[in-house]
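**Student:** task: produce atomic coordinates for the following.
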Amino acid sequence: MNRSKDRILVVILGQARASKLTWDSFKTNVLDELQGDLALCIGESPENNLENPYWAHAKYRRVLPEYEDFGDGFDQIQTNRIGKINDWREVLKIKDQWLGGIKGKEEHPGSAGILVYFKAKLFEFLSSDEIRGLYDRFVITRSDFIWEMPHPKIDRLRKDRIWIPYGEFYWGVTDRHVVLTQTFLEPYLNLIDPILRNPKELMTEMIRYNPRPNWNHEQYILFRLKSQNLSSKISWLPYMMFSVREEGASTRWSMGVFDSDLGFFVKYPAEKIRTKLTKRFFLNKKKKVILLPNFLMALILKLLFSLKIRNYIS
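**Tutor:** Okay, here's the model as predicted:
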């Protein structure tokens, strides 16, 4: 197997969990397939030890505090970047769950604000002298994915694109997996900056973009990419993996649905359906993922998913 000319860093963001269920498929289908180095940007956890294969195999480890109120983390970043604290919490008036994890009068449900914080810290790490210039491509993903097929080789993915799985949109784009270059790290990861620097201006722009109180993390990512004239840079990957949870394991958001055949929880059943469709319709004879022009990829994947119950998957 020839090593890609691009130097690749695979990043696990959030938590290094579910390793008993997912590590083997991740190592085979992502880490080994892409021949990349592994980095963790994760919260404090008892699972952060050498018995966890994600931890044991990581070349880089960044462990972030698990604040009771992640607004404290926002304040810390604001102090470091701007040198003062302003009234950024005013943005909590934009409802309803895109800043979950921040306490206060207008607090949101969920944990999306925690993701904003983690992505900000990941951007700082990937922009640091320790990393800058060492890697050409970055694969930012989760540890709780079971990978059903090999990830496409990096040299098949155009560098001038932001590669995101097609599906799980929630009026935006999924944040669960992305492939990008250094060029796109700041616009994709640095979601926190407009919140901290220009909260009133951000609120005006968000209300103009969508006045309804239904904002979430996926929608905020797409809004930020559009604000930077980068939504045209999105290219679609078919789903190749699905999120899982062991019985009794904690989770920030979706508890999932127990799959009696697998013996554990599938966190987002639609991911599993999409992955089955990819296995059925988007693998070539060598069991490699087929990539199509963006418009055609989206059209076919949308059609297959819409027909899933009647024609393929119950």
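**Student:** how far does the longest helix along the chain sit from its chain's centre?
**Tutor:** Looking across the chain with DSSP state H, the single longest helix is helix 112-126. Averaging C-alpha positions (C-alpha atoms, centre = their mean, to the nearest Å) puts helix 112-126 11 Å from its chain's average.
**Student:** can I get the CA coordinates of it in PDB?
**Tutor:** Below are the C-alpha coordinates for helix 112-126, written out as PDB (Å, rounded to 0.1, in the frame of the first residue of the first chain):
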ATOM      1  CA  ALA A 112     -24.000  22.100  21.300                       C
ATOM      2  CA  GLY A 113     -22.200  24.900  23.100                       C
ATOM      3  CA  ILE A 114     -19.800  22.400  24.400                       C
ATOM      4  CA  LEU A 115     -19.000  21.400  20.800                       C
ATOM      5  CA  VAL A 116     -18.400  25.100  20.000                       C
ATOM      6  CA  TYR A 117     -15.900  25.200  22.900                       C
ATOM      7  CA  PHE A 118     -14.100  22.000  21.900                       C
ATOM      8  CA  LYS A 119     -13.800  23.100  18.300                       C
ATOM      9  CA  ALA A 120     -12.300  26.400  19.400                       C
ATOM     10  CA  LYS A 121      -9.700  24.600  21.500                       C
ATOM     11  CA  LEU A 122      -9.000  22.100  18.600                       C
ATOM     12  CA  PHE A 123      -8.500  25.100  16.200                       C
ATOM     13  CA  GLU A 124      -6.000  26.600  18.700                       C
ATOM     14  CA  PHE A 125      -4.100  23.200  18.900                       C
ATOM     15  CA  LEU A 126      -4.000  22.600  15.100                       C
END
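**Student:** what sits up against the very next helix or strand once past that helix?
**Tutor:** For helix 112-126, the following helix or strand on the C-terminal side (DSSP states H and E) is strand 137-141. For strand 137-141, contacts defined as C-beta atoms under 8 Å, 6 or more residues apart in numbering pick out 6-13, 30, 34, 36, 122, 126, 151, 154, 157, 159, 176-182, 185, 189. Any C-beta I mention is one placed from the backbone N, CA and C, and that applies to glycine too.
**Student:** contacts for the longest helix of the chain?
**Tutor:** 9, 11, 13-14, 39, 41, 43, 60, 62, 64, 70-71, 73-74, 77, 97-102, 131-132, 138, 140, 175, 182, 185-186, 189-193, 195, 216-217, 220, 252.
**Student:** and what of stretch 176-187?
**Tutor:** By C-beta under 8 Å, 6+ apart, stretch 176-187 touches 123, 126-127, 132, 135-142, 145, 154, 157, 159, 162-165, 168, 188, 224-225, 228, 230, 233, 237, 241, 243.
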